[in-house]
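>>> With the sequence up front, the predicted model follows.
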Amino acid sequence: MNLFAISGLLITLTSVVLIAILSVYGKNKLHRLWTVFNFSLIFLGFSLFKIGTSVSPGEALIWWKVASVSGGLLAPLFLNIIYIFCNLPNRKILYSSYLPVSIFIMLDFMNLGTYRLRFIYGPFYYLELTGFVLPLFLCLWAAILIYAFYALYKFYVSSKGLVRNQAVFILVGFFFGFIGGGTYLLTTFAHILFGKNIYPFGQTGIVIYSTIITYAIIKYRLLDIKVAITRTGIFVAVYTLVLGLPFLIAIWAKGWLIETFGPEWWILPLGLMGILATVGPFVYIYVQRKAEDALLKEQKHYQHILKQASIGMTRIRNLRKLLDLITRIVTKIVKISYAAIYLYDKETGDYILQISRDKHRISVPKLTSDNPLITWIRLKREPLIYDEIKRQTEYANNPVYKQLEENMLLLTASVVIPSFLEDRFMGFFVLSDKISGQIYTEDDLNVFQVLASQTALAVENAQFYEEAKDMQEQVAQAEKMATIGTMADGLSHQLNNRFYALSLIAGDIMDTIKMTNTSKCTPEVKEMIRQINYAFERIQANVTQGGQVVRGLLKYSRKGEAGFEAISLNTLIDNTLEMVQFKVRLSEIDIIRDFPEDIPKIKGNIVQLEEAFFNFIDNAYDAILERHALLKEEHYKGKIIISSAAKNNYLEIIIKDNGMGIKQEDHEKIFTPFFTTKVSARKGTGLGLYVIRRIISDMHKGRISFESEYKAGTKFLLELPIAR
């Protein structure tokens, strides 16, 4: 088998591989057309293989005709690929490019063309240009190619980012392929003009095309074109030496080898090929590594810095300082104009902008958890690249890609890097284009994903530290309130004494005014005395009200040391409202009692149950205020409905509100000490529901459960023992 036949076989095999890859990676019109292009290459490669192994001119001529037809289709198919890739508008040129191919195929099958073969280099028959049909077609074929390359080059100049990189891949890959195949003309013209035979070695350029495009399809969004060209150049240089040197020795020194070694002359070139083939991969890897280290020196430097930074992040406890450090390092080291970090907010369920680094750019403040971009990242768990999404929007008939593109434009994101902690989606990084215009390589994205993972862990640590600080503050606050509670009895006595003194003073002055004869006083003095009397009446009324407040506080703060007794639900609610009115504006809500008057009484501790019901109403009121503030619904008014019914030996009490409700992810934590869902300035200590459960379950041997729907309301179900 000769080199001509081997090159044809390699073209066939690499085209089959490329079709297999396109079947996996390609799902759009461009990939389907590319598949047709490579099927034509399979026919061309197999035809060249058969030509190289033909034993008669007739057989060779048949395969030359097949090669001419399949090779002729490549130019208009290439132009069609360029039209789709570059989204060119004028389709008339594209459609007209198929006309000369159709005519040539018709003439070819009708045997109206003239062909002449000559036997060159001993092993195969070569086709020469004769007549006018084949030369004319080749001129039109070359014109189509020139136009296609010109259109692709114009698109390359006007594009940027990943699309520009893709254009270079296509430009370089097809250039190698068509230039390689075009050496057929060089061989023919060299014989016509100079009478010299040039071996059609250039067909191996088609194999180079397949190699470049295959690599580009698999890594097209990640690979730096400089690296691709360098790898290809090294590959061509090394394997040209490995494969070409033995063939050249076999061709040019065949006579000397036969004379020196006799019939076994072929052992020397074959052995040399074996040695070079063994050494070749090691030479290729060594040269490639050195070349890439030189090309990617800056990139590898900042990747190393980012890896080192990711290791030390977990030691930073201040969340704001941590996020500021990350964005500062990324923008400075990677040299990008904009970076932002979004983190999941437990209270709102949204992904909130925490920090951004570009004061001249207005950042999107948040993305909701049902945003298509959030849903996509949570599902795919991999980086989003804008240029890739944009290309999918153009080729894939899927509205999701359009939504992703719109969101990335809003975020001004070239890349979105997700941050996961095990299965928890903590947030994401937004990175703009590099200032240098280079794309984000596979190594870049790998490093950013490591950074994002370490960031998730560091954020978790920082949040835990801040939550621990908050909890300590809440414990301290709870201790203060408990201390005030223990002092309440003494304080109430002191306050009541002061109120009593004020009441006596006001009463004495009012009595003095009543006993004073004002008949001789001027109207002005009479009016002044009337106003003074009214003022002291108001003082006395407020003293009375102040005393009620003190009694309410004392009642709420006193220990539940009283024994268990039969308690009416109405009495329990009345006492609770008497206490809660000083904290809750009862006029803003409707409290509805939906139970009969004759329901059984509860066996319980009145003080403890008042505290539980106080917390129920207080929490419901906060949830109502939150819904009113966030949803801004017209005609909305808060309601708390208390219903009850006897159930075996228990009284079932349902306390239902139409407030904001509790998020699903918070259901399991609702009775946890110091956990609170309140977001207003009235944020509590997180002890209310914990205390309620202790009172109902532990102290009264009852049961408590709840149902809640976010943005709809909450319902607590209590079961307390009935008094006998």
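It's in.
>>> For I213, which non-adjacent residue is closest in space?
Residue nearest to I213 in three dimensions, not counting chain neighbours: G173, with 4.5 Å by C-beta to C-beta, 6 or more residues apart in numbering. For the C-beta atoms, the positions are set from N, CA and C on the backbone; glycine is no exception.
>>> and the gap between that neighbour and A339?
34 Å (C-beta to C-beta, to the nearest Å).
>>> again with I329
9 Å.
>>> Compare neighbour counts for these two and give me the winner.
Legend: neighbour count by other C-beta atoms under 10 Å for I329 and A339, higher for A339 (22 against 19).
>>> you'd agree L343 is in a strand?
Yes. Counting by DSSP: H, G, I helix; E, B strand; the rest coil, L343 is found in a strand.
>>> Isn't it up against Q354?
Yes. Using C-beta atoms under 8 Å, L343 is in contact with Q354, at 5.1 Å.
>>> where do the contact lists of the two overlap?
G427 (C-beta atoms under 8 Å, 6 or more residues apart in numbering).
>>> what's the burial count for the residue nearest to I213?
For G173, using other C-beta under 10 Å, the count is 21.
>>> So it: helix, strand or coil?
Secondary structure state of G173, per three-state DSSP, is helix.
>>> again, but for T714
T714 is classified as strand under three-state DSSP.
>>> what sits against it?
620, 623, 656-657, 659, 661-662, 706-708.
>>> do that again at 6 Å, thanks
Contacts for T714 (C-beta atoms under 6 Å, 6 or more residues apart in numbering) come out as 657, 661-662, 708.
>>> shaky segments in the stretch 551-700 of the chain?
Within the stretch 551-700 of the chain, the ranges that satisfy pLDDT under 70 run 551-563, 672-688.
>>> Show me how the record splits the chain into domains.
The record assigns the chain these domain ranges, following automatic domain parsing: 3-223, 225-295, 300-464, 468-557, 565-721.
>>> among those, where is the model least confident on average?
Averaged per stretch, pLDDT over the domains of the chain is lowest on domain 225-295, reaching a mean of 65.
>>> Make sure the residue nearest to I213 is actually in contact with I212.
Yes. At 3.8 Å, G173 counts as touching I212 under the criterion of C-beta atoms under 6 Å.
>>> what comes up buried for the helix or strand encompassing A5?
Taking DSSP states H and E as the definition, A5 sits inside helix 3-25. By 16 or more other C-beta atoms under 10 Å, the buried positions in helix 3-25 come out as 3-16, 18-19, 21-22.
>>> tell me which residues in the next helix or strand after that helix are buried?
The element immediately downstream of helix 3-25 (helix or strand, assigned by DSSP H and E) is helix 29-53. Buried residues in helix 29-53, counting neighbours by 16+ other C-beta under 10 Å, are found at 30-31, 33-35, 37-53.
>>> where exactly do the strands run in the stretch 501-650 of the chain?
Along the stretch 501-650 of the chain, counting by DSSP state E, counting those that start in this stretch, strands occupy 565-567, 589-594, 602-604, 638-647, 650-657.
>>> er, the stretch 351-500 of the chain I mean
Along the stretch 351-500 of the chain, counting by DSSP E, counting those that start in this stretch, strands occupy 351-356, 366-367, 384-385, 415-421, 424-431.
>>> Partner strands of the fourth one and their direction?
Paired neighbours of strand 415-421 in the sheet (DSSP bridges): strand 384-385 (antiparallel), strand 424-431 (antiparallel).
>>> The first one now?
Taking DSSP bridges as the criterion, strand 351-356 pairs within the sheet with strand 339-344 (antiparallel), strand 366-367 (antiparallel).
>>> so which of the ones you listed is the most packed in?
strand 339-344 (a mean of 23; mean count of other C-beta atoms under 10 Å).
>>> Let's see it as CSV, backbone CA atoms only.
Extracted C-alpha coordinates of strand 339-344, given in CSV (Å, rounded to 0.1, in the frame of the first residue of the first chain):
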residue,chain,number,x,y,z
ALA,A,339,-17.2,40.8,39.0
ALA,A,340,-20.1,40.2,41.3
ILE,A,341,-21.2,37.6,43.9
TYR,A,342,-24.8,36.5,44.6
LEU,A,343,-25.7,34.4,47.7
TYR,A,344,-28.9,32.6,48.7
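>>> in what helix or strand does P89 lie?
Here P89, judged by DSSP H and E, is contained in no helix and no strand.
>>> oh, I was asking about F706
Per DSSP H and E: strand 703-709 holds F706.
>>> Would you indicate which residues of that strand are buried?
704, 708.
>>> What of stretch 256-265?
Under 16+ other C-beta under 10 Å, the buried positions of stretch 256-265 are 257, 265.
>>> Can I get it as PDB, trimmed to CA atoms?
Taking C-alpha atoms only, stretch 256-265 is exported to PDB below (Å, rounded to 0.1, in the frame of the first residue of the first chain):
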ATOM      1  CA  TRP A 256      20.700   2.000  -3.100                       C
ATOM      2  CA  LEU A 257      18.700   0.100  -0.400                       C
ATOM      3  CA  ILE A 258      18.000  -2.800  -2.900                       C
ATOM      4  CA  GLU A 259      21.700  -2.800  -4.000                       C
ATOM      5  CA  THR A 260      22.900  -2.800  -0.400                       C
ATOM      6  CA  PHE A 261      20.400  -5.000   1.500                       C
ATOM      7  CA  GLY A 262      18.900  -7.000  -1.400                       C
ATOM      8  CA  PRO A 263      15.300  -8.300  -1.200                       C
ATOM      9  CA  GLU A 264      15.000  -7.300   2.500                       C
ATOM     10  CA  TRP A 265      15.700  -3.700   1.700                       C
END
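>>> show me the contacts for R703.
E719.
>>> Go again with 10 Å.
Counting by C-beta atoms under 10 Å, 6 or more residues apart in numbering, R703 touches 650, 652, 693, 696-697, 717-720.
>>> Pull up the gap between it and G604, please.
For R703 relative to G604 (C-beta to C-beta), the value is 14 Å.
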